[in-house]
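A.B. asks: please work out how this folds:
(one chain, ligands or ions: 1)
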Amino acid sequence: MSKGRTALVTGGARGCGLAFARGLAEAGANVAVFDVVSPDDAFNAIEKDCGVRTAFYRYENLRLGNRVTNWARVDISSQESLEEGFTKFQMDFDNALDICVPCAGINRHLPFLEFTYKDHQDLLSINVLGLYFTAQLAAKQMISNKTTHGSIILVASMASHIAVRSQLCSAYCGTKGAVKSMCPAIAKELAEYNIRVNTISPGYVRTEMTASFPHLLEGWKSEAMNGRIADPEDIMGACVFLASDASSYMTGSDIVVDGGVTRW
Ligand SMILES: NC(=O)c1ccc[n+]([C@@H]2O[C@H](COP(=O)([O-])OP(=O)(O)OC[C@H]3O[C@@H](n4cnc5c(N)ncnc54)[C@H](O)[C@@H]3O)[C@@H](O)[C@H]2O)c1
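C.D. replies: Residues are numbered from 1 along each chain as shown. Prediction:
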């Protein structure tokens, strides 16, 4: 479905991002990943299993301003690091880019009355600014390479639709609301370049992000109509669909994949 296309996934070392990278590769796309942690073995298997090209961005002797680091990963919350990552990716993949999935994100479990500026800033700089500028740099690259299959898939959350009953995540909900709200406005501006922009809003997914709440698992199951928590593979199909021409008339929309949590 996406054979010969090139995708970039942030936060693709593990969890939902890794599943998106795998799904896009299974559909035939070459996949590059930006992340700050080393990739799961499952990422390293994609290239051979799917017969596509993959790349994970990590640098030796990376220069950031006046500072030279021996080892750096692409941190989407740093403008310099993100731009360096895109420059390198652009060179490696001959400017090809058709699909971008800004997925990297963090959560903080803290009561509203105890949230600090620093905690909130961390969330904003990754979940909002990092995602926004990933999408912007991707769009610039897609415009310059004149792809006719441009698709940007922003990862929001069901937390952009509801207060998450069992968690203390007011700032997280706000960041995901920002992602969902910015989507139609970006979609409108990129329509003239034939680039579509949509969001996915996952429900409870079994990843590192939710692993710190084992005591909440049973409650989450009972919140879903189907009585279970999603695996990242359950969310993957929505990403593959939005990346492909099967969704060619969809832009500015949100797909909720939550086992019905927000619907009853
Ligand atoms: N797990 C869930 O229940 C759930 C539900 C709704 C939405 N989401 C969203 O899905 C996305 C993926 O989350 P996940 O559940 O797979 O969590 P995860 O923690 O397993 O994956 C997040 C990835 O983002 C990377 N990342 C974090 N900060 C980064 C930075 N500054 N630069 C580059 N990479 C960075 C992490 O290293 C990690 O690989 C997030 O945006 C999250 O908000 C998750």
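A.B. asks: so which elements touch the helix ranked longest in the chain?
C.D. replies: If you go by DSSP state H, the chain has its longest helix at helix 170-190. On a contact count with 3 or more CB pairs under 8 Å, 6 or more residues apart in numbering; DSSP states H and E, helix 170-190 meets helix 117-123, helix 131-145, strand 151-155, strand 196-202. All C-beta spots, glycine's among them, are computed from the backbone N, C-alpha and C.
A.B. asks: quick one, what contacts Phe213?
C.D. replies: His109, Ser166, Gln167 (CB atoms under 8 Å, 6 or more residues apart in numbering).
A.B. asks: what's the neighbour count on the closest residue to the second one other than its chain neighbours?
C.D. replies: Meaning Ser166. Distances taken as CB to CB, 6 or more residues apart in numbering place Leu216 nearest to Ser166, at 4.9 Å, with adjacent residues excluded. Neighbour count for Leu216, taken as other CB atoms under 10 Å: 18.
A.B. asks: SS state for Leu216?
C.D. replies: Here Leu216 is recorded as helix under DSSP: H, G, I helix; E, B strand; the rest coil.
A.B. asks: I'd like the distance between Gln79 and Lys180.
C.D. replies: 23 Å (CB to CB, to the nearest Å).
A.B. asks: with neighbour numbers in mind, choose between these two.
C.D. replies: More crowded of Gln79 and Lys180, by other CB under 10 Å: Lys180, with 17 against 14.
A.B. asks: what confidence value was assigned to that one?
C.D. replies: Per-residue confidence (pLDDT) for Lys180: 98.
A.B. asks: I'd say it and Val155 touch.
C.D. replies: No. Lys180 is beyond contact range of Val155, at 10.4 Å (criterion: CB atoms under 8 Å).
A.B. asks: identify the contacts common to those two.
C.D. replies: With CB under 8 Å, 6+ apart as the test, Lys180 and Val155 both reach Thr199.
A.B. asks: and the stretch 1-150 of the chain, which of its residues are near the ligand?
C.D. replies: 10-11, 13-17, 34-37, 75-77, 103-106, 126, 130 (CB under 6 Å from any ligand atom).
A.B. asks: how about a cut-off of 5 Å?
C.D. replies: When proximity is defined as CB under 5 Å from any ligand atom, the stretch 1-150 of the chain approaches the ligand at 11, 13-16, 35-37, 75-77, 103-105, 126.
A.B. asks: contacting residues around the closest residue to Ser125 other than its chain neighbours?
C.D. replies: For Ser125, ignoring the flanking residues on the chain, the nearest one in space by CB to CB, 6+ apart is Ser77 at 4.1 Å. Residues in contact with Ser77 (CB under 8 Å, 6+ apart) are Asp122, Ser125, Ile126, Leu129, Gly130.
A.B. asks: which stretches of the stretch 51-200 of the chain have low pLDDT?
C.D. replies: Applying pLDDT under 70 to the stretch 51-200 of the chain picks out residues 59-64, 67-71.
A.B. asks: give the contact list for the residue of the stretch 51-200 of the chain found nearest the ligand.
C.D. replies: Closest contact between the stretch 51-200 of the chain and the ligand, by CB to the nearest ligand atom, is at Gly105 (2.3 Å). By CB under 8 Å, 6+ apart, the contact list for Gly105 reads Gly11, Ile126, Asn127, Leu131, Val155, Thr175, Met209.
A.B. asks: can you get me a residue count around the first one?
C.D. replies: Around Gly11 sit 29 other residues, with neighbours defined as other CB under 10 Å.
A.B. asks: again, but for the third one
C.D. replies: Under the neighbour criterion other CB under 10 Å, Asn127 is assigned a count of 27.
A.B. asks: got it, and the one 4 residues further on?
C.D. replies: As a burial measure, the neighbour count of Leu131 was computed by other CB under 10 Å and equals 26.
A.B. asks: tell me the bridge partners for the nearest residue to it once chain neighbours are set aside.
C.D. replies: Closest residue to Leu131 apart from its sequence neighbours, by CB to CB, 6+ apart: Pro102 at 4.2 Å. Taking DSSP bridges as the rule, Pro102 bridges to Thr10.
A.B. asks: so Pro102 sits right up against Leu129, yeah?
C.D. replies: No. Distance between Pro102 and Leu129: 10.8 Å, which falls outside the contact criterion (CB under 8 Å).
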